[in-house]
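Chemist: Model the structure of this input:
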Amino acid sequence: MSAISVLLIEDEPGLVLTLTDLLSAKGYAVTNAADLASAEAAVASGGHDVILLDLMLPGGSGLDLLKAMRSRGDATPLLVLTAKADVTDRVEGLRLGADDYLGKPFDSAELLARIEALVRRTKDGPARRRRTEAAVRFGDVEIDPERAEVRKAGIPVTLTVQEFRLLMFLVENEGRTLSRACLLEEVWGYDGAIASRTVDVHISSLRQKLGDEPSDSRRIVTIRGFGYRFDSNPQGEPRREPRREPR
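Modeler: Just a heads-up that it's a prediction; the model follows:
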């Protein structure tokens, strides 16, 4: 069995050496790209199972690379490495399609856990969750699970891979209050020991794209201090019964 390939897009020599040693010791095959041009070439060559992306690169921004990847349908799992103070950049990274972010400096064990979760989620694919096969409609939104497409009032809505996974899990569990820990485990593949605000960022983005007013969300309801609940018919229309399969 071939080693899992990690593309490390990072220009700081000390961090590159540290991460390469850490990942190699765990059996990963690591390739490094230290500037935007070499990163673009490495991504274009394909064959990587996970990408670790620093946003501040010689030659340009890692956000531009991420945007280009997702716009052409490249769904390679990607974890953004960013300074903890760069709130705007990490939020933008998640909205452009990054699977998650990790602030520098970070704990090695947490980085490994997140990489393992990304790899596991990719391998497990749709088997990690129950699937709704038929088209789903609520309000003026229609979801085609088989084609992974969403339309609002007949107009295609562009969702990132993780936004679509999150939306489907919410829809399939309509009426249930889902904790952030549950969403991280079921949608991202993280265990309960990992804390991340990525769920909240993805929820916010989903609300905006589906036309659900963030300040008074009717369909993706915030349960303060706990998590979220999906309600397809907040105004009392006949409720769609979600298709559930036994665990």
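Chemist: What is the burial count for G27?
Modeler: 8 (other C-beta atoms under 10 Å). Every C-beta, even on glycine, is put in place using the N, C-alpha and C of the backbone.
Chemist: That one: what's its closest spatial neighbour, skipping adjacent residues?
Modeler: Distance criterion C-beta to C-beta, 6 or more residues apart in numbering; nearest residue to G27, sequence neighbours excluded, is A3 at 5.8 Å.
Chemist: which ones are touching that neighbour?
Modeler: Going by C-beta atoms under 8 Å, 6 or more residues apart in numbering, A3 touches G27, Y28, A29.
Chemist: What's the separation between the last one and L184?
Modeler: So the one you mean is A29. 27 Å (C-beta to C-beta, to the nearest Å).
Chemist: Now do the helices in this protein.
Modeler: Ranges of helices in the chain, per DSSP state H, are 13-25, 36-45, 62-71, 87-96, 108-124, 161-172, 180-183, 198-210.
Chemist: would you turn the contacts of A3 into a markdown table with pLDDT?
Modeler: Below are those laid out as a markdown table (pLDDT from 0 to 100):
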| residue | pLDDT |
| --- | --- |
| G27 | 94 |
| Y28 | 95 |
| A29 | 95 |
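Chemist: Out of the residues you listed, list just those in strands.
Modeler: Those of the contacts of A3 mapping onto strands are A29, per DSSP state E.
Chemist: so who does A109 touch?
Modeler: Contacts of A109 were listed using C-beta under 8 Å, 6+ apart, and none were found.
Chemist: Just want the most central residue of the chain.
Modeler: Nearest to the mean C-alpha position of the chain, counting by C-alpha atoms, centre = their mean, stands D99 at 3.0 Å.
Chemist: what's near enough to touch it?
Modeler: P77, L78, L79, L118, V161, Q162, W188, T198.
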